Every structure is written in C-alpha cells, then in structure tokens.
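Participant: return atomic coordinates for the entry below.
(chains A and B)
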Amino acid sequence: MRSTFRPGRRAMLAAPALLALPARAQGVRELLNVSYDPTREFYRDYNAGFAREWQAQHRQTLRINTSHGGSGRQARSVIDGLAADVVTLALAYDVDAIAERGLIARDWITRLPQNSAPYTSTIVFLTRKGNPKGLRDWPDLVKPGVAIITPNPKTSGGARWNYLAAWASAQKHGQNPEEFLARLFRQVPVLDTGARGSTTTFVQRGQGDVLLAWENEAHLALQEFGAGQFDIIYPPLSILAEPSVAVVDGNVDRRGTRDLAEAYLRGLYAPAGQEAAAKHFYRPRDQALLQKNAERFPTLELVTIDGAFGGWAEAQRVHFNDGGVFDRIYRPGR
Amino acid sequence: MNATEDPLWFRALLVALAVLTGLLLLALPLAAVFTEALRRGGEAALAAILEPDTLAAIRMTLIVAAISVPLNTVGGLAAAWCIAKHDFPGKRLLVTLVELPFSVSPVISGLVFVLIFGLQGWLGPWLQARGIQVIFALPGLVLATLFVTFPFVARTVLPLMQDQGRAEEEAAATLGAGGWQIFRRVTLPNIRWALLAGVLLCNARAMGEFGAVSVVSGHIRGQTNTMPLHVEILYNEYQFAGAFAVAALLALLGLVTLAAKAVLERWSGRVAGEAG
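Facilitator: Numbering: from 1, shown residues only, chains lettered A, B, ... in the order given. Next up is the predicted model:
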C-alpha cells in the first residue's frame, strides 16, 4: 500500500466556505429575552414592533434574540450564565431565584408597575370537542377514567399555577386539598417539562381528556388546530397568574444594554405592548382594553398567590421544594 | 446442531422476523419523516429550510462538526495507538475512559460542562470576568459534542490495530525509522479504511447529537441552536412541516454519511483483496 493518507486536505479547503459567518452589520444592537414556553408567538409579534419603533427613534438596528422553555429551567440557565438582558418568566418565584444569586436586584418586583407583570393570565381546561367527559369544575377532573395532561411543577411555571388553582378550588369545596391533588396527579399519564410540551401531547398526540392550560395557550391551540376539535372550559374558580418580567442587572451592566432592556420592558405596558398581549390572549393590564376584549376574557373568580398562599416564597417552600407536598403526593408510575 | 441443519421453515421465520423488525423500527420512521416533510410539497419544505433561523441552525451544526470531528480524529487515533501499540501503567483506565461517553447519558455529559463552566460552577465567575462565554455559546456546544463523540474513532480503529499487532512497527524500528515515521508510513496506512469509517460515524453522531447539546445550548434562536434542537423548537411552535423538513435534511445528512461508509468499506475490501 503506497498511497499516502490525506483525508483532511480537501476538507480543510472546503471548511472556510462552510464556516463563513454572515458579517454582522456595524451598529446592530442585540438584546436577549429569556422567556417561558407559551410566549413565543406573542414576543415574536412584540419584538418586531419594538425593533421598528426603536429604529425610528434611535437610528439603531436591533436584533432581539429569544430563548423559550419551561420557566424553572430557563431561570436555571440564566443562573448558570445564559446572558439574558431581560427575563420574562411564568412566575415571580423564578425571577426571585435569579435575584437570590445576585444577578437581579432584590426589589425587582417593585421596579415596574403591577408587580412587574405587564399582563396576566389564568388557568383553564382544554377538552376534546363537546366536552365528552362533562368537565365543568375542578372536582370533575378526578372522576374515574379522566386522563389529565399537565406539565411538571418542578420545571414548569404553568404547572405550578395549575397545581395551586386546583388546591384553591379543593379548599373552597371543603375537600382535603392534599388528598385531592394526590388523586388528580394519579390521573396524569405523562408530565412534560414545559407547558408547550403538554399542549403538543394533548393536541398533537391525542393523549388525555383534558389539558390544564394557560388561558392563552388554550386559545392558541384552538387557533392553530381549528375550533372544531377542542373546547375551552372556564372553571368557576381559578388563579390570577402574574407572569413576571425583569431586567437582569448583572448582565445588562456588563453588556451595556440597560437602556435598551428597560425600554423593552416599559414598552410592554405601552398601548402597543398591551394590544399585542391581548391579541395573543394574555389579559392586558389596561382596563379599557380588557373591557374591549371582554368576550375573549370572561370574568371568573380568581384567587391570588399572595391572598391564598402567602406569596410565592411560601408556596414554593411548602409545595414544590424537595420534600414538599408535591414530592409527597406524586410517585411516577404509580 | 449448527444453523445450516435447522429446518428451512425455521430459517425463513428468523429471516422474516429480522426483516420485519428492520422495516418497523428503521425504515418506517424514516419514511414517515420524509412523507411528513413533503406533505405540503417540496417548495414548502425548501422554504422552511431556507428560513434564516433554520439556516443559522444548519450552519451551527456544520461548524460544530467541522471543529469536533477533526479533533476527535486526532484524539481517538492517539488513544487507540497508545492502547494497541504500547504497554504502560494505567492502560486499562485509559480504555475505560475512552468508552466512558458511551455509558454516560448525554444529558449528564451536558450537565458536567454546566457544572464546570456555568456561572455557579468552578470556572464560571473567572471566565465571565474576562468576558469569555463557554456554555450557552459555540465553545460549550463543541465541548459537549467532543465528549459525546470521542469513542467513535478510537473504538473503530482499536480492534484492527490490536489485530495487526506490533510486528510491522518493530520491523520498521529495527530498520531505523523514527516514531513519527513509523506511525505515518506503517501504522496509518494499515488502518486508514477503519479510520475513515470511524470519522464518518463520529460525524454522523456529531451532527445528530441532541441531549448533551440541549443542556449547554441555551436555545437562543438563530444563535446557539443546532439542527436537532431547531427541529424540537419548530415542532413546539406548531410548525410541523418545517420541523419534519429540517428533520428530513438531518436524516439525509446521516444517510449520506452511512452510504459513504458503505462505499468505502466495499472499496477497501477490493483494495485489500488486490493487495493480498
């Protein structure tokens, strides 16, 4: 065998062509928004509008990057060094977790109006068309033979809201809430890590009789798959979900993006941001706009995390931390 | 009793079972990917692939493979060479280390890098103070891929090297050849086909890796997503046609790699036959 072995030569010549990165234009400013699962469509809309407006006012081209996933997991990534300029997560606790590591100022929740939650949502039921199992209220869920789809409260913010709404309802009905939740989770065949995973499990793979979902996520599923397949059921009582937003101080000061990040979050409270939120089925804080969309956002009794559970820190400690109530009641494969 | 004495019906049954399993487990899913991708027509599939975020994911996948495959080729070759041609204390440990990535879940492999380079990890604060981003950026993706694909080259060439023994190298040494000369002119030509096969397998896995890469990526659209991650994102955004189009492209890359490997094997068999 005389031939010499040179496999790399041609590859080396071809490599630069493949590796050539598109030249990044000068003067492009970047912003990274690390968000939770169901906000993809909303932020795609909002980002486009915000970038246009910023360009007009500041003559700077913006590139707004986004990352989506289960809220708890996203918070973990930011804690581990994902360079988010802003976080727009599913609940205050996940922002608190980042604040605890010193990346966000402790008083973040008071820096923006209304608990730093520019839009709210709630938890509803998404059932198969015609609601064949007759699921109207939380107690109906634990009827025999009902398969419930919800994500994992350990990783998903939406799942924690689901859990707490069920808990509040059991309390109202005079049931033992821990027992009720234990029964409920025994009827969950699969726990996805994020809300979007659960939605695809329910709508795309056809698993389960009911999906416990964010109101906006339920409407989006209806929009994407046609109204003929699913019904949205509003239980008489649910929870007021306040998805929190915050500037990540540690990152914006390092990257020199504070002005941009703060304007980006303030914009969520401005008319354009509020309208984008309402369009994507988040309940706007702007009361006039909420009234205008009253048909899409029916009124129902909503408990609050502060009123019913003594705030997120307490709810997290009692229910979701290791050794908490959720660990006691949920045994996979039981 | 050996296999040829088994009754015909029994042999036919075994063959039928093997073919059926192959069809059900391998051919069917592959066919499903391609039909789903083309459901809305070739143009829609092409449009999904030419979308900027998808192109960025393809580019990222190619960059990661272009960096990690050559590095692992050199590293795997060196490890196999040490193990097959030399005796030294700790050799067994090295063999175990080479195979470690095969036995560790890719998710754990990814987490290891988060623990080392993450902001709460050993090196994170030091790196951040110097403005170096390792995880949630290209270096992290490359590291995770390197770790997961390390065994492929080493494991493919090692058995051949061990089979061939050291006689030729020793002969070369007695004729006065130096270490590098022996490696380049004796060892390397002997294993080149196995090496190429290992490189191709390594490349297929590098482009397709999901678990480890998912942990260190940060999932920033258009920046730190590789093709497998982008498939998941598109799927989660209800863009099923797009998701399957990218999945089909990824499968195609894998298939081309495997076809290249098959051609090489046939070709090398012929060359070896002529030489013998």
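Participant: host element of B:Leu160?
Facilitator: Assignment of secondary structure by DSSP states H and E places B:Leu160 within helix B:138-164.
Participant: so that helix, near chain A or not?
Facilitator: No. Among the residues of helix B:138-164, none lie within reach of chain A under C-beta under 8 Å from any C-beta of the partner chain; the closest is 9.5 Å away. Yep, even glycine has a C-beta here, placed from its N, CA and C like the rest.
Participant: past that helix, which element shows up next along the chain?
Facilitator: Along the chain past helix B:138-164, the next helix or strand (assigned with DSSP H and E) turns out to be helix B:167-174.
Participant: that following helix: how far from the chain's middle?
Facilitator: Its chain's C-alpha centre lies 33 Å from the corresponding centre of helix B:167-174 when counted by C-alpha atoms, centre = their mean, to the nearest Å.
Participant: can you give me the angle the host helix or strand of B:Val112 makes with helix B:138-164?
Facilitator: Secondary structure from DSSP H and E places B:Val112 in helix B:106-117. Counting by axes from the mean of the first three to the mean of the last three C-alpha atoms, to 10 degrees, helix B:106-117 points 120 degrees away from the direction of helix B:138-164.
Participant: quick one: contacts of helix B:106-117?
Facilitator: Outside helix B:106-117, the residues within contact range by C-beta atoms under 8 Å, 6 or more residues apart in numbering or on different chains are A:80-81, B:101, B:121-124, B:127, B:134-135, B:140, B:143-144, B:147-148, B:209-216.
Participant: average pLDDT for the helix or strand following it?
Facilitator: On the C-terminal side of helix B:106-117, the closest following helix or strand by DSSP H and E is helix B:124-129. Here the mean pLDDT over helix B:124-129 is 88, rounded to a whole number.
Participant: quick one: helix B:124-129 to chain centroid distance?
Facilitator: Here the centre of helix B:124-129 is set off from its chain's centre by 31 Å, with C-alpha atoms, centre = their mean.
Participant: buried stuff in it?
Facilitator: Of the residues in helix B:124-129, those with enough neighbours to count as buried (16 or more other C-beta atoms under 10 Å in any protein chain shown) are B:124, B:127-128.
Participant: try stretch B:253-268
Facilitator: For stretch B:253-268, using 16+ other C-beta under 10 Å, the buried residues are B:253-254, B:257, B:261, B:264.
Participant: show me the contact partners of it.
Facilitator: Looking at stretch B:253-268 with C-beta under 8 Å, 6+ apart, the contacting residues turn out to be B:193, B:196-197, B:200-201, B:203-204, B:207-208.
Participant: let's see that with 7 Å instead.
Facilitator: The set of residues external to stretch B:253-268 that reach it, using C-beta atoms under 7 Å, 6 or more residues apart in numbering or on different chains, is B:193, B:196-197, B:200, B:203-204, B:207-208.
Participant: ok, and of those residues, which contact chain A?
Facilitator: B:Leu196 (C-beta under 7 Å from any C-beta of the partner chain).
Participant: take the contacts of stretch B:253-268 and keep only those in helices.
Facilitator: Among the contacts of stretch B:253-268, DSSP state H puts B:193, B:196-197, B:200, B:203-204, B:207-208 in helices.
Participant: for chain A, state which of these is nearest.
Facilitator: B:Leu196 (6.3 Å; C-beta to the nearest C-beta).
Participant: okay, the closest one: pLDDT?
Facilitator: At B:Leu196, the pLDDT value in this model is 89.
Participant: tell me the secondary structure for the residue nearest to it when sequence neighbours are not counted?
Facilitator: Excluding its sequence neighbours, the residue lying closest to B:Leu196 (C-beta to C-beta, 6 or more residues apart in numbering or on different chains) is B:Leu264, at 5.5 Å. The three-state assignment at B:Leu264 reads helix, by DSSP: H, G, I helix; E, B strand; the rest coil.
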